[in-house]
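Peer 1: Have a look at this prediction, sequence included:
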Amino acid sequence: MTTAPTIFADGILDANVSYGVARLTLAQTGPEGKPMAAGQLVVPLIQLPGIVNGLTGLLKQVETKIREQQAQQQQTGGGTAEPASSAFRFG
């Protein structure tokens, strides 16, 4: 089993479409808080809506999970807000 390379990105530095291919230059916050290129995501334009929909779906699931955890904390009377679980998996 091969492992895909991992790229940490906390933003998008540049995005363009050329010849039916979307190219997203991913960014990392570098020294002094300035963004710097971390890698490039290259996607056939026809596949871009599926990727965006997948990310949107993931974001909705994360928001729901956070709301559930906040409601649970309020029900248990937790005065100090514990940070939400930093790891969970969606299928």
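Peer 2: All right, it came through fine. Residues are numbered from 1 along each chain as shown.
Peer 1: CA atoms for contacts and neighbours, from now on please.
Peer 2: Fine.
Peer 1: can you tell me the helix or strand for Lys60?
Peer 2: Using DSSP states H and E, Lys60 maps to helix 48-75.
Peer 1: Now do the buried residues in that helix.
Peer 2: Gln69, Gln70, Gln73 (16 or more other Cα atoms under 10 Å).
Peer 1: Save these as a markdown table, and put in pLDDT and distance to Leu24 too.
Peer 2: Shown next, in a markdown table, are these (pLDDT from 0 to 100; distance: Cα to Cα, whole Å):
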| residue | pLDDT | distance to Leu24 |
| --- | --- | --- |
| Gln69 | 88 | 33 |
| Gln70 | 88 | 34 |
| Gln73 | 85 | 38 |
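Peer 1: For my notes, please list those in a markdown table and give distance to Gly39 for each entry.
Peer 2: Supplementary listing: those in a markdown table, determined by distance: Cα to Cα, whole Å:
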| residue | distance to Gly39 |
| --- | --- |
| Gln69 | 34 |
| Gln70 | 35 |
| Gln73 | 39 |
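Peer 1: any idea which of the residues you listed is closest to Gln47?
Peer 2: Distance to Gln47 across the buried residues of helix 48-75 (Cα to Cα) is lowest for Gln69, with 33.6 Å.
Peer 1: got the phi/psi numbers for Asp10?
Peer 2: phi -120, psi 20 (degrees, to the nearest 10).
Peer 1: didn't it look like it was pressed against Gly30?
Peer 2: No. Between Asp10 and Gly30 there is no contact under Cα atoms under 8 Å: 10.4 Å.
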